[in-house]
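> Could you work out the structure for the sequence below:
(chains A and B)
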Amino acid sequence: QQQVKQSPQSLIVQKGGISIINCAYENTAFDYFPWYQQFPGKGPALLIAIRPDVSEKKEGRFTISFNKSAKQFSLHIMDSQPGDSATYFCAANGDSSYKLIFGSGTRLLVRP
Amino acid sequence: DAGITQSPRHKVTETGTPVTLRCHQTENHRYMYWYRQDPGHGLRLIHYSYGVKDTDKGEVSDGYSVSRSKTEDFLLTLESATSSQTSVYFCAISGLAGGEIQYFGAGTRLSVL
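Just a heads-up that it's a prediction; the model follows:
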């Protein structure tokens, strides 16, 4: 119940395309769902986050779609750029507000 | 990296030796975390701290101990390193209401031979 399942493990997209990464969770008590972006040799950094009271949140080319009934959320990267090539992690708050449970990560490669 | 310094950045050690990794923050954040990152497993929480001398276990705490004697420092110790502890270790901090935004250090790459 404490897991967050992420797919796909890797993704290759052409420049200008849409990248979609999916996550699913079991515990309905989760109420905060962030996405982190990690470049090689760096630590993860918060990209965008959503709470279950909204179905979508958009920041620039990045959008989170949230489906509370299906217990799924996804990250959409519109007009993907080579600079978006990174590893993306979804997460959810765990059994307390100050802990996060991370998905297994998706390595995104955007080809020029 | 949000005022977080991890040291060392790289370390190679031998099986059975003790290893201590240090995380130092200048943000005066209450919460500090140690994660390990392995391919296919994402980030897994080892231990965390919610104040000076207040620590608790995460999901993969076996073989690790931590200490926090000052707000700014959080130490991770491998008492007797094993090859299965070869990994990249990340420290993270959060403040205010808690872990809703965690800021990560640059990581320590540890190889246990």
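
> bridging residues for residue 93?
Here I'm looking at chain A. Taking DSSP bridges as the rule, A:Asn93 bridges to A:Leu100.

> my bad, the chain I had in mind was chain B
Bridge pairing for B:Ile93 - DSSP bridges - gives B:Met32, B:Tyr103.

> who's in contact with it?
Contact analysis of B:Ile93 by CB atoms under 8 Å, 6 or more residues apart in numbering or on different chains lists B:Ala2, B:Ile4, B:Gln25, B:Glu27, B:His29, B:Tyr31, B:Met32, B:Tyr33, B:Gln102, B:Tyr103. Where C-beta positions appear, they are placed from N, C-alpha and C, glycine not excepted.

> how close does it sit to chain A?
11 Å (CB to the nearest CB, to the nearest Å).

> now swap in B:Thr15 and tell me
B:Thr15 is 26 Å from chain A, by CB to the nearest CB.

> Count the neighbours of that residue for me.
12 (other CB atoms under 10 Å in any protein chain shown).

> try A:Gln6
Applying other CB under 10 Å, we find 22 residues neighbouring A:Gln6.

> show me the contacts for the closest residue in space to it that isn't next to it in sequence.
Leaving out its chain neighbours, the residue that sits closest to A:Gln6 by CB to CB, 6 or more residues apart in numbering or on different chains is A:Gly103, at 3.0 Å. By CB under 8 Å, 6+ apart, the contact set of A:Gly103 is A:Val4, A:Lys5, A:Gln6, A:Cys23, A:Phe89, A:Cys90, A:Ala91, B:Gly42.

> Could you point out which of the contacts of B:Ile93 is nearest to chain A?
Using CB to the nearest CB, B:Tyr31 comes nearest to chain A of the contacts of B:Ile93, at 5.2 Å.

> Top of the contacts of A:Gly103 by number of neighbours, please.
A:Cys90 (29 neighbours).

> quick one: what helix or strand has it in it?
strand A:86-93 (DSSP states H and E).

> Quick one: list the elements packing against that strand.
Packing contacts for strand A:86-93, counted by 3 or more CB pairs under 8 Å, 6 or more residues apart in numbering or on different chains; DSSP states H and E, involve strand A:4-7, strand A:19-25, strand A:33-38, strand A:72-77, strand A:100-102, strand A:106-111.

> Now distance to A:Asp79 too, for the contacts of B:Ile93, in JSON lines please.
Compiled in JSON lines, these are given as follows (distance: CB to CB, whole Å):
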{"residue": "B:Ala2", "distance to A:Asp79": "28"}
{"residue": "B:Ile4", "distance to A:Asp79": "32"}
{"residue": "B:Gln25", "distance to A:Asp79": "36"}
{"residue": "B:Glu27", "distance to A:Asp79": "34"}
{"residue": "B:His29", "distance to A:Asp79": "35"}
{"residue": "B:Tyr31", "distance to A:Asp79": "36"}
{"residue": "B:Met32", "distance to A:Asp79": "37"}
{"residue": "B:Tyr33", "distance to A:Asp79": "34"}
{"residue": "B:Gln102", "distance to A:Asp79": "28"}
{"residue": "B:Tyr103", "distance to A:Asp79": "28"}
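
> Just the buried subset of the residues you listed, please.
Those of those that meet the buried threshold are B:Ala2, B:Ile4, B:Gln25, B:His29, B:Tyr31, B:Met32, B:Tyr33, B:Gln102, B:Tyr103, by 16 or more other CB atoms under 10 Å in any protein chain shown.

> Give me the pLDDT value at the fifth one.
Think B:Tyr31. At B:Tyr31, the model reports a pLDDT of 92.
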